[in-house]
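Engineer: For reference, the sequence and a predicted model appear below.
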Amino acid sequence: MKYGESTFDILYLLFAIAAGCLILRRARNKTEKQMGLAAVILGCGDAFHLVPRVLHYFSSADLTAALGIGKLITSVTMTAFYVLLYYIWLGHYGEKENKKVALAVWLLAIVRIGLCFFPQNGWLQNSSGVTWGVVRNVPFAALGAVICWLYWKKRREDRAFRFMWLYILLSFLFYIPVAVAAGLLPILGMLMLPKTVCYILMILAFWRAVNTKTADA
């Protein structure tokens, strides 16, 4: 178990960061740079949680605080990732920004990040309760719903992002039970594996979008 999960986590981190850097290198416009940046932020942010998790399997050191702080950092970077997904959607489809949608995206993101810094989350003890697991994830789930809806509306307009809405939806369906109740039922932590697969598929969608535009140029 520990070897399989640890190998998967390390390969995912290497893939996300390397793919993001390659996308940034190939990017020819602002939107493609945002795709690369989103992948790098996702990989680097997840590293703060996954690296201590891997070390925890093979070390007797007390990594409780590192695991908790890693979850905090990952919570912030995941939120930033979805804000970037909004701007990628605008640029990729050439949409004019709707002020109400932009306000909703930013307000939900700011509230979500703000809630993550409340001491009631128990990051240093790596022991968040169900109540605060729900509280901090309500605005995050709402943010995900907005982004999912935007990509769903455009699902028929190009091949690269036609399933992006589904990856977003599934990632939240896998993530929310873990964030809310994994402390009570640790086996729920296994849902992070398919959630990570959804992120890999999102990054691959970025890669296809950049390469398709490069080929057409």
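Structural biologist: Done, it's in.

Engineer: can you tell me how far the residue nearest to the spatial centre of the chain sits from residue 98?
Structural biologist: Nearest to the centroid of the C-alpha atoms of the chain, with distances taken as CA atoms, centre = their mean, sits residue 78, at 3.9 Å. Per CB to CB, to the nearest Å, residue 78 is found 23 Å from residue 98. Backbone N, C-alpha and C define where each C-beta goes, glycine included.

Engineer: quick one: low-confidence parts of this structure?
Structural biologist: Within the chain, the stretches with pLDDT under 70 are 1, 128, 183, 213-217.

Engineer: again, only using 90
Structural biologist: 1-6, 53, 56-64, 67, 122, 124-133, 158-159, 176-192, 211-217 (pLDDT under 90).

Engineer: Pull out the buried positions in stretch 163-174.
Structural biologist: Using 16 or more other CB atoms under 10 Å as the test for burial, stretch 163-174 gives 163-165, 167-172, 174.

Engineer: With stretch 85-103 instead?
Structural biologist: The neighbour-count check on stretch 85-103 (16+ other CB under 10 Å) flags 85-90, 92, 101 as buried.

Engineer: Now, those residues that are in helices?
Structural biologist: Judged by DSSP state H, the buried residues of stretch 85-103 include 85-90, 92, 101 as members of helices.
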